[in-house]
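Visitor: Attaching a predicted model along with its sequence, questions to come.
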Amino acid sequence: MADFGEMFYGTLPEDTQDFRQVLAGIGRTIRDRAVAAGQRIGESGREAMALQNQAFADPRRPTRVTDEAALARLTDMIMGGPLGFAPAGIVAPSVARQFKMPTTLPSDENFAKAVQNTPGAQITNEGLLMRVQRSQKPEQAGEESVRTGVFYLPEGSTSAKYYKQSKSGETLYGGSENIAGETLYKNPIFVKGATGGKAPEAAYDQIIGKGAYEKMRSEVLKSYSFNANQSQKIEGIQGVLQKYNGLDSDDAYNMAYNIVTNSKSGNTLPYAVQENIVANAVRNAGYDAVLGYSKKKTGDPFLSEVFDVREAAYPTKQGGFRLREEFQSLLD
């Protein structure tokens, strides 16, 4: 096992002073920032100290890792905490692990193969650990997602080029702000579907029944006319949201208003409504994300898209994210 030295919260035992001096230049800045963070976050700092003691429990070799699981949890605390290393606005694994929900990974034979063929993705006992990325407009950061979920690509995906801002500065989906980081999914629904809305469609049919998405989509498109003004669109979509999401009149109106006022380009309006309804169905079925997969020309599957239904707002580069109430309540 590796020796990591004085890289985490707190200090090593007093009888290792000489050894500490040797390691003075290793991880000093990280250690100092970690100590300061531990002081700021109270209980989290004490938990981190306990994890450090568990991870480095050999008094004769105080920098030898004795518990890799404890070290992994400690690393997550550092990566997801106030140390400046947090994934930019993405739900950190250290947060996802705290959700009081069962860990149930897909049993589909393509799932393990798809994860294996996706760089940055790993099956663990605690769920699917995965590095993801997205491109968005800078003004979206921290704003409410009208879809009540956030789309990501696996980090390094070749499809990312379709979501970058063009040289003219125009983009229908995606944007110039790039965000990437690691997260953990405990109970995703796994469906075949490339980028562009196919995965949510397949997920909805899998949950509700074959043909359910197309039926819902048809009602969304018929809820307002091509020449409808903003008020007419809001009224029509309000009714659809009441029917499919079970919202009362006021909540449905507020959601319809947000969707319409934030979906004025191209075909973003019907897709926003449809994916809002899909996200609601996915959460109600107990899932935390939609994992879409595609196949290479060789027939090998790989993860192609993620629709994270835990997030209420778009992530920020400063590390901010906001959970849906359904998931926030799982932390209490």
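Guide: Nice, I can see it. What you see is a predicted model; the values in this text were computed from it and never measured.
Visitor: Settle this for me: residue 200 is touching residue 272, isn't it.
Guide: No - counting by CB atoms under 8 Å, no contact exists between residue 200 and residue 272, whose distance comes to 11.5 Å. In this view, the C-beta of every residue, glycine as well, is placed from N, C-alpha and C.
Visitor: of these two, who's got more company?
Guide: A side-by-side neighbour count of residue 200 and residue 272, using other CB atoms under 10 Å, places residue 200 first with 29 against 21.
Visitor: Report the contact partners of that one.
Guide: Residues near residue 200 by CB atoms under 8 Å, 6 or more residues apart in numbering: 193, 213, 274-275, 278-279, 290, 307.
Visitor: what's the spacing between the residue nearest to it when sequence neighbours are not counted and residue 314?
Guide: Setting aside the residues directly before and after it, residue 200 is nearest to residue 278 in space (CB to CB, 6 or more residues apart in numbering), at 4.3 Å. As judged by CB to CB, to the nearest Å, residue 278 and residue 314 stand 18 Å apart.
Visitor: ok, back up a step: so which of the contacts of residue 200 sit within strands?
Guide: 290, 307 (DSSP state E).
Visitor: Pick out the most distant pair among the contacts of residue 200.
Guide: Within the contacts of residue 200, 193 and 279 form the most distant pair, 14.8 Å apart (CB to CB).
Visitor: Give me the more crowded residue out of those two.
Guide: Relative neighbour count places residue 279 above the other of residue 193 and residue 279, with 28 against 21, counting by other CB under 10 Å.
Visitor: Can you read off the pLDDT for the more buried one?
Guide: Each residue has a pLDDT score; the one for residue 279 is 98.
Visitor: buried set for stretch 325-332?
Guide: Across stretch 325-332, burial judged by 16 or more other CB atoms under 10 Å covers 327, 330.
Visitor: Quote the end-to-end distance of that stretch.
Guide: Distance between the two ends of stretch 325-332: 11 Å, counting by CA to CA, to the nearest Å.
Visitor: how about the strands of the stretch 1-150 of the chain, start to end?
Guide: 121-124, 127-136, 150-154 (DSSP state E, counting those that start in this stretch).
Visitor: can you put those strands in JSON lines and add mean neighbour count, mean pLDDT and distance to residue 189?
Guide: Formatted as JSON lines, those follow (neighbours: other CB atoms under 10 Å; pLDDT from 0 to 100; distance: least, CB to CB, whole Å):
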{"stretch": "strand 121-124", "mean neighbour count": "16", "mean pLDDT": "96", "distance to residue 189": "16"}
{"stretch": "strand 127-136", "mean neighbour count": "23", "mean pLDDT": "94", "distance to residue 189": "12"}
{"stretch": "strand 150-154", "mean neighbour count": "24", "mean pLDDT": "94", "distance to residue 189": "15"}
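Visitor: Of all the ones you listed, which one is nearest residue 112?
Guide: strand 121-124 (6.6 Å).
Visitor: Partner strands of that closest one and their direction?
Guide: strand 127-136 (antiparallel) (DSSP bridges).
Visitor: quick one, the strand it pairs with and strand 150-154 angle?
Guide: Per axes from the mean of the first three to the mean of the last three CA atoms, to 10 degrees, the angle that strand 127-136 makes with strand 150-154 is 110 degrees.
Visitor: Distance from the chain centre to strand 127-136, please.
Guide: Remark: strand 127-136 is offset 6 Å from the chain centroid, using CA atoms, centre = their mean, to the nearest Å.
Visitor: can you check stretch 311-323 too?
Guide: The answer for stretch 311-323 is 9 Å, by CA atoms, centre = their mean.
Visitor: Show me where this structure dips below the pLDDT cut-off.
Guide: Along the chain, segments meeting pLDDT under 70 span 1-48, 62-63, 72-89, 160-173.
Visitor: How is it partitioned into domains?
Guide: The chain is divided into the following domains under automatic domain parsing: 14-85, 95-328.
Visitor: Tell me which of the ones you listed sits most buried.
Guide: Mean neighbour counts were taken over these using mean count of other CB atoms under 10 Å, and the top value, a mean of 18, falls to domain 95-328.
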